[in-house]
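>>> I would like to see how this sequence folds:
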Amino acid sequence: MPLVPTSQIMQAAVAGGYGQGAFNVIHLETAQALVSGAEQAGLPVILQISENCVKYHGRLRPIAAASLALAEEASVPVSLHLDHAEDEELVYRALDLGFGSVMYDGAKLPFGENVAATQRVVAAARAASATVEAELGEIGGKDGAHAPGVRTDPDEAVQFVELTGIDSLAVAVGSSHAMLERGASLDLDLISRLHRALEVPLVLHGSSGVPDATLVAGIEAGMRKINVSTHLNGFFTRAVRQWLAANEQAVDSRKYLGAGRTAMAAEAARMLELFASAGRSRA
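Okay, the predicted model is just below:
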């Protein structure tokens, strides 16, 4: 089916009160795995390309073109999102390539500078018929960005959304990027207060460190877009290690990358089903 705007996928999640999985592309095999997982689940998925991913590949266009092609040939709705872009120019390149949404991450900037830069990004996205995610209350764990315990203030969040016109907001509610263990707690009361205060969808970053039951509780409290990367990458990497351990003489990289792709696809499908059932379970 044709590439789907991120706004369409998110509007359905908001209307249904469930969680929408947004999973990070690292390279072609992970993009294939994530689309395959969505097809296995029969559910939409948001493919995310981060600024770090772009740095790894050296440029945006090749990995974006591959991801867009996969999205266009998928049997379920797939959209493409630029994740955690601190480089404003990268945002504009993504919009030119047809991304359905972009995240401008100005959380390290003073509030006023963050607002001004985000306003510029929103104006550009509107012209490209795309939507914008931003971050307020910097989420921990990313390059040691800030000390644990930082939380998004609901009053400041309302002001930020009103000033910038963004379409979704990533909030700091207890999760942390790149966690290898799933032991994080979420501030469910804060999520509920943010959900009541804001009309835009709330985005949870750092979901890899959050247990299933807590993710479900977070969705039921008001989270709508659930970003996952490290957790899924773990399934890919463990499958590669296991395959290589059992096939020490192998040299064809397609064999072990294929094992990783299969493992990641199965877990992506499971997580999409978990998120989609969370809010609906209350109906």
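>>> Give me the distance between the nearest residue to Glu273 once chain neighbours are set aside and Gly165.
Leaving aside its sequence neighbours, Glu273 sits nearest to Ala41 (C-beta to C-beta, 6 or more residues apart in numbering; 5.1 Å). Quick note: C-beta positions are derived from backbone N, CA and C, even for glycine. The gap separating Ala41 from Gly165 is 33 Å, by C-beta to C-beta, to the nearest Å.
>>> Give me the more crowded residue out of the two.
Ala41 (22 against 15; other C-beta atoms under 10 Å).
>>> who's sitting farthest from the centroid in the chain?
Gln249 (37.1 Å; C-alpha atoms, centre = their mean).
>>> before we move on, the earlier item: please tell me I have it right and the residue nearest to Glu273 contacts Ala265.
No: at 9.7 Å, Ala41 and Ala265 do not qualify as touching, with contact defined as C-beta atoms under 8 Å.
>>> tell me the contacts of Ala31?
Ala31 makes contact with 25, 47, 63, 66-67, 70 under the criterion C-beta atoms under 8 Å, 6 or more residues apart in numbering.
>>> Could you do Leu202 as well?
Per C-beta under 8 Å, 6+ apart, neighbours of Leu202: 168-171, 191, 194-195, 222-225.
>>> mind listing which of those residues are in strands?
168-171, 223-225 (DSSP state E).
>>> do you know how far Asp212 is from Asp187?
18 Å.
>>> For these two, work out which one has more neighbours and name it.
Each of Asp212 and Asp187 has its neighbours counted (other C-beta under 10 Å); Asp187 has more, 18 against 13.
>>> quick one: that one from Val210, how far?
According to C-beta to C-beta, Asp187 and Val210 sit 12 Å apart.
>>> repeat for Ala71
Taken as C-beta to C-beta, the span from Ala71 to Val210 is 27 Å.
>>> try Ile9
Look at Ile9 and Val210: by C-beta to C-beta, they are 21 Å apart.
>>> if you count what's nearby, which of the two comes out ahead?
Neighbour totals were compared for Ile9 and Val210, and Val210 leads with 27 against 23 (other C-beta under 10 Å).
>>> My understanding was that that one contacts Ile219; is that so?
No: between Val210 and Ile219 there is no contact under C-beta under 8 Å: 10.7 Å.
>>> Now do the helices in the stretch 1-150 of the chain.
With helices called from DSSP state H, counting those that start in this stretch, the stretch 1-150 of the chain shows them at 6-16, 28-41, 51-57, 61-73, 88-97, 111-127.
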